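Undergrad: how does the following fold in three dimensions:
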Amino acid sequence: MDEQPVLVIPTDVREAILERARDGSPAEICGILGGEFTPDESRVCSQYPAENVADSPRTRYRIDPEEQLEVFERLEGRGEQIVGFYHTHPRGPDRPSETDARQATWPDRSYLIISLEPPAVRSWRWRAGDGRDESPASTGGQFEREQVVLE
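TA: A predicted model of the protein is given here:
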């Protein structure tokens, strides 16, 4: 792919996530992004906060599978698609960790990461690799940086 993928996000959605990130620190917060999805350019219309149920929420995030399914059903009911997921790294880094890469399971979806120290909002697309099997372990998948455009 020659061009960097794009994630268009309304300023008010970004500000709501940032406020929640500050309120939730020092734990990581997380949620799901809904809107219009394509593998190369997606547009966020809404964000759905989720509880972080990770064993160590200061350094990991995990969305409860039942809560995730409920959000997916709400998205579908609103005519939205799954654009991606967001979480924070309260003390950095402002890029995906090795744990993020091991846990990425949604090819071509956006993974928005909010760092509070240093302050940054960045996003990546998970690219699953050769396409034969979409599990990251078997494909050598990787994150591809994407451009964040505020609306």
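
Undergrad: list the contacts of the strand or helix carrying C45.
TA: When elements are defined using DSSP states H and E, C45 is found to belong to strand 41-50. Residues outside strand 41-50 that contact it (CB atoms under 8 Å, 6 or more residues apart in numbering) are 5-10, 13, 16-17, 20, 29-36, 63-64, 67-68, 71, 74-75, 78, 80, 83-84, 86, 110. C-betas here are computed from N, CA, C, even on glycine.

Undergrad: taking these one by one, which sit in strands?
TA: Those of these mapping onto strands are 6-9, 30-36, 83-84, 86, 110, per DSSP state E.

Undergrad: tell me the SS of the closest residue to P57 other than its chain neighbours?
TA: Distances taken as CB to CB, 6 or more residues apart in numbering place A27 nearest to P57, at 4.2 Å, with adjacent residues excluded. Following DSSP: H, G, I helix; E, B strand; the rest coil, we place A27 in the coil state.

Undergrad: the nearest residue to P5 once chain neighbours are set aside: neighbour count?
TA: With sequence-adjacent residues excluded and distances taken as CB to CB, 6+ apart, P5 is closest to E146, at 4.1 Å. By other CB atoms under 10 Å, 21 other residues sit near E146.

Undergrad: tell me the contacts of E146?
TA: For E146, the contact set (CB under 8 Å, 6+ apart) comprises 4-7, 110, 123-125.

Undergrad: the same query, at a cut-off of 6 Å, please.
TA: Taking CB atoms under 6 Å, 6 or more residues apart in numbering, we find E146 in contact with 4-5, 7, 123, 125.

Undergrad: over to T99?
TA: Counted by CB under 6 Å, 6+ apart, T99 has zero contacts.

Undergrad: pull out the buried positions in the helix or strand encompassing it.
TA: Using DSSP H and E, T99 sits within helix 98-103. Within helix 98-103, the residues scored as buried using 16 or more other CB atoms under 10 Å are 100, 103.

Undergrad: stretch 105-124 too?
TA: 107-116, 121-124.

Undergrad: which member of these is positioned nearest D40?
TA: Closest approach between the buried residues of stretch 105-124 and D40, by CB to CB: D108, at 8.3 Å.

Undergrad: element containing the closest residue to the closest one other than its chain neighbours, please.
TA: Closest residue to D108 apart from its sequence neighbours, by CB to CB, 6+ apart: P39 at 4.1 Å. Using DSSP H and E, P39 is not contained in any helix or strand.
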